[in-house]
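A.B. asks: Fold the following for me, if possible:
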Amino acid sequence: MKEPAFYQQAFMQSIETVVLIVREEFTQLKDDDVAFALDRLTTYFQLVAKGKAPEEPLSTIDRRQELIDEILNIIDEREEIEADLPFINNPDIRPNGNPIPSLPSFYATCLKILLKSVKFWRKNNGKTGYLNYISSLL
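C.D. replies: Numbers count the residues shown, from 1 in each chain. Model (predicted):
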């Protein structure tokens, strides 16, 4: 897997930390649960970036809902301290030739990269391949 861009790393690491914290509470958490949460949140932030007002993602499975809620909480915390704001409309940061237009767009892009990582590690190392991988990093 290719390493994410420098401006994405802190955001992504905060999401991975939350995933591991939720895993401590829900020991049955698997990569599929993480993929579910990241997929729903990616879609949510893509819609918000387009000016829509979607409902926050929900799941009937407690561990998945907890993961969604905690990821949204850490994103709220990052917004409060404006952690990712310097990357928005920054002329020096131009993925695909264009500046990042909004925080929701930034979040969707980062979450999509994390989702690809989950799929990669799960495919290569089984049901908890991604979880084991990030556990070894953090």
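A.B. asks: Compute the first-to-last residue distance for stretch 82-91.
C.D. replies: From its first residue to its last, stretch 82-91 covers 18 Å (C-alpha to C-alpha, to the nearest Å).
A.B. asks: so what's residue 75 up against?
C.D. replies: Applying C-beta atoms under 8 Å, 6 or more residues apart in numbering, we find residue 75 in contact with residue 107. The C-beta positions use only the backbone N, C-alpha and C, and glycine is treated the same way.
A.B. asks: what's the spacing between it and residue 68?
C.D. replies: 11 Å (C-beta to C-beta, to the nearest Å).
A.B. asks: Residue 13 now?
C.D. replies: 19 Å.
A.B. asks: more crowded one of the two?
C.D. replies: residue 68 (22 against 14; other C-beta atoms under 10 Å).
A.B. asks: thought that one was touching residue 34?
C.D. replies: No. Using C-beta atoms under 8 Å, residue 68 is not in contact with residue 34; the gap is 10.5 Å.
A.B. asks: Count the neighbours of residue 89 for me.
C.D. replies: Other residues close to residue 89 by other C-beta under 10 Å number 12.
A.B. asks: Sticking with residue 12, tell me its helix or strand.
C.D. replies: helix 6-25 (DSSP states H and E).
A.B. asks: Return the distance of that helix from the chain's centre.
C.D. replies: Centre-to-centre, helix 6-25 and its host chain are 8 Å apart (C-alpha atoms, centre = their mean, to the nearest Å).
A.B. asks: Now do the buried residues in it.
C.D. replies: Buried residues in helix 6-25, counted by 16 or more other C-beta atoms under 10 Å: 7-8, 11-12, 14-16, 18-19, 22-23.
A.B. asks: try stretch 21-40
C.D. replies: Applying 16+ other C-beta under 10 Å to stretch 21-40 flags 22-23, 29-31, 33-40 as buried.
A.B. asks: Excluding covalently adjacent residues, which one is nearest to residue 116?
C.D. replies: residue 1 (7.7 Å; C-beta to C-beta, 6 or more residues apart in numbering).
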